[in-house]
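Asker: here is a sequence with its predicted model. Questions after.
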Amino acid sequence: MLKPVVKGRGRVRADVVRLDSPVSLLGDLNPETGRLAGVDVAGKVVSLPYVRGSTVGPYVLWGAARRGKAPLAIVAEKLDLMLVSACVLASVPLFQGRLESGCVYIDLETGAYDKC
Amino acid sequence: MSREYAREVVLKIADAVSSGEVVPVETAHVSGVSFLTVGEYGVEFLEHLAASGARVSVFTTSNPAAVDLAGVLGVDEVVAKGQERITKALRAMGVNTFFSCTPYEFVITRQRTFHAWAESNAITYINTFRDAWSDKNPGPLALLGAIAGFVPKTPLYTLEGRRPTVLVEVEAGPLGPLEAGAVGALMGEQIGSGVPYVRGLSLTGEGARREFAAALSTYSAMVFAVVEGVTPNWKEYLEIADFREKIRISQGDVAKFLRNDETPDVVYFGCPFADVDSVLWVLAEVKKRGVPKRPIYISTSPGVYGILGRLVEEAKRYNVYIFTGSCLVVSPHTRKFRTIATDSLKAVYYIPRLHGVGVVPCRRERCLDLAYA
């Protein structure tokens, strides 16, 4: 079970992309293509260690969400005010924890999940 | 509708970081207003918010922009147009577009009042030298907080969260601007997080106070230090202190930030924005010594710029360019230089990272010598 930080709604089936290095939303996320550090994350659950870098990051995630290119949810091992602000602004559910790459059924409100 | 949106967002963030608790704020200061740093997505967000009718509900100021107010720094059309859109959106929302990183000059924050500020040097300044309380709010959160009128009640908005945790003994000084920045940077690097209580910190003046606050918050996540004998209510902070660590900073440690291996093509003062005494000191020196070989750039606040009046024009004859509303950290103009000599350790940190331009950290007097070398 993942700890919900910014809650979403509904239970969905989703692909999980796991990134092993921290990313910066400014620079690593392309809001036009939905690629994060070169990997397509649009509509997928991204699991990453933490987000670093510029406090401008929230704007970039918001830009991606507006274009329908944001991740479905973000799972981070470590959280900070910047990542929380970014997710709230972009309406991207945020959980604390870690997921392996693959496929899950995930409850976007509680963080409960099962592997497909 | 829009205030509703801002309230919702801030409350949601509060749910995640402060068990839903918020504090009302008296003022706000918004960062992330340079087109160079926020880019197209930042502009879109600000325009979207302004178009929805959002208006700030407390006195709100803004950080430096990519373009200065008198056109000393040249920028290309894309940046200029982007900046114009940002300025328009901010004004529509009722933000005061002073474009200053030292709003504490004219926003007289009182002790133990709450503020939603988002520029680390300014936050550290009011926390440390005024005991006015602000946490480091990301740019968009400070703006939404300004609209909503409140921000999440994170630990720095509580006395408990401001309890000193590290004792710092400074055995150097009195410290000029560069040395004050070096002590701030060393504290930042060695402590990283927590609340330092600093004993023996002797600063030469306002310039040194600004550099200390700027460097501490650039080289760490910390935006508050208690300075013995200086921070209002320091005795109360000492009484509640829970020291888990103790560090010592000596004159020798400060020297590690000085470099002499490169010749600059420009000298830069004013990060954070220079106070009036610092500008007048430079002007007095160049009048004494004659026109320097290399240009000297000084960024300052609109307030100080206004006080200087015709001295700004006179300075140009001495190869000294005083400008306001922007700085060499957030302006793309910086990329026209190869190596910049500066007494600001914040500029030393950011200029190579944001612009790929070299820096030479130097004491104020030495920086000036380099302009003549």
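Answerer: Good, I have the coordinates.
Asker: OK, contacts around the closest residue to residue B:29 other than its chain neighbours?
Answerer: The shortest distance from residue B:29 to any non-neighbouring residue, by C-beta to C-beta, 6 or more residues apart in numbering or on different chains, is to residue B:117 (4.1 Å). In this view, the C-beta of every residue, glycine as well, is placed from N, C-alpha and C. By C-beta atoms under 8 Å, 6 or more residues apart in numbering or on different chains, the contact list for residue B:117 reads B:27-29, B:103, B:123, B:126, B:134, B:137, B:142.
Asker: make it 10 Å
Answerer: Each residue near residue B:117 by C-beta atoms under 10 Å, 6 or more residues apart in numbering or on different chains is listed here: B:25, B:27-31, B:60-61, B:63, B:103-104, B:107, B:109, B:123-127, B:132-137, B:142, B:145-146, B:151, B:223.
Asker: before we move on, what about residue B:370?
Answerer: Residue B:370 neighbours (C-beta under 10 Å, 6+ apart): B:260, B:262-264, B:266-267, B:292-294, B:296, B:339, B:341, B:360, B:362.
Asker: nearest spatial neighbour of residue B:320, skipping sequence neighbours?
Answerer: Using C-beta to C-beta, 6+ apart, the nearest residue to residue B:320 is residue B:296, at 4.6 Å.
Asker: that neighbour: how many residues sit nearby?
Answerer: Here the number of neighbours of residue B:296 (other C-beta atoms under 10 Å in any protein chain shown) works out to 24.
Asker: can you give me phi and psi for it?
Answerer: phi -120, psi 120 (degrees, to the nearest 10).
Asker: pLDDT averaged over the helix or strand encompassing residue B:211 - what is it?
Answerer: Using DSSP states H and E, residue B:211 sits within helix B:206-218. The average of the pLDDT scores along helix B:206-218 is 95.
Asker: do stretch B:244-264 as well
Answerer: Stretch B:244-264 comes out at a mean pLDDT of 87.
Asker: equivalent analysis for stretch B:284-297, please.
Answerer: The model assigns stretch B:284-297 a mean pLDDT of 98.
Asker: and residue B:258, what helix or strand is that in?
Answerer: Going by DSSP H and E, residue B:258 is not in any helix or strand.
Asker: not counting its neighbours along the chain, what's nearest it?
Answerer: That would be residue B:361: by C-beta to C-beta, 6+ apart, it lies 6.1 Å from residue B:258.
Asker: count the neighbours of the one you found for me.
Answerer: Neighbour tally, residue B:361, other C-beta under 10 Å: 23.
Asker: okay but the residue nearest to residue B:320 is in contact with residue B:269, surely?
Answerer: Yes. Residue B:296 is in contact with residue B:269 according to C-beta atoms under 10 Å; the separation is 7.1 Å.
Asker: shared neighbours, these two?
Answerer: By C-beta under 10 Å, 6+ apart, the residues touching both residue B:296 and residue B:269 are B:282, B:320, B:322, B:341, B:367-368.
Asker: and those, which of them are in helices?
Answerer: B:282, B:367-368 (DSSP state H).
Asker: quick one: contacts for the nearest residue to residue B:233 once chain neighbours are set aside?
Answerer: Excluding the flanking residues, the one nearest residue B:233 by C-beta to C-beta, 6+ apart is residue B:131, at 5.2 Å. For residue B:131, the contacting residues are B:109-113, B:162, B:224, B:226, B:231-234, B:236-237, by C-beta under 10 Å, 6+ apart.
Asker: check whether the residue nearest the centre of chain A sits in a helix, strand or coil.
Answerer: The centroid of chain A falls nearest to residue A:74 when counting by C-alpha atoms, centre = their mean (2.0 Å). What DSSP: H, G, I helix; E, B strand; the rest coil gives for residue A:74 is strand.
Asker: what sits against it?
Answerer: A:5-6, A:25, A:36, A:41, A:45-48, A:51, A:61, A:83, A:86-87, A:90, A:92-95.
Asker: same thing but at 8 Å, please
Answerer: Per C-beta under 8 Å, 6+ apart, neighbours of residue A:74: A:45-46, A:48, A:83, A:87, A:92-95.
Asker: before we move on, what about residue B:129?
Answerer: B:209, B:213, B:227, B:230-231.
Asker: any idea which element it lies in?
Answerer: Per DSSP H and E: helix B:120-130 holds residue B:129.
Asker: am I right that residue B:272 is in a strand?
Answerer: Yes. When three-state DSSP is applied, residue B:272 is found to be in a strand.
Asker: that one contacts residue B:104, correct?
Answerer: No. Look at residue B:272 against residue B:104 with C-beta atoms under 8 Å: they stay out of range, at 9.4 Å.
Asker: and the helix or strand residue B:142 falls within with helix B:120-130, angle?
Answerer: Using DSSP H and E, residue B:142 sits in helix B:139-148. Put simply, helix B:139-148 runs at 60 degrees to helix B:120-130, going by axes from the mean of the first three to the mean of the last three C-alpha atoms, to 10 degrees.
Asker: name the residues that touch helix B:139-148?
Answerer: A:55-56, A:58-59, A:62, A:81, A:85, A:89, B:2-3, B:6-7, B:9-10, B:13, B:25, B:28-33, B:38, B:45-46, B:49, B:54-58, B:60, B:93, B:95, B:116-118, B:137, B:151-152.
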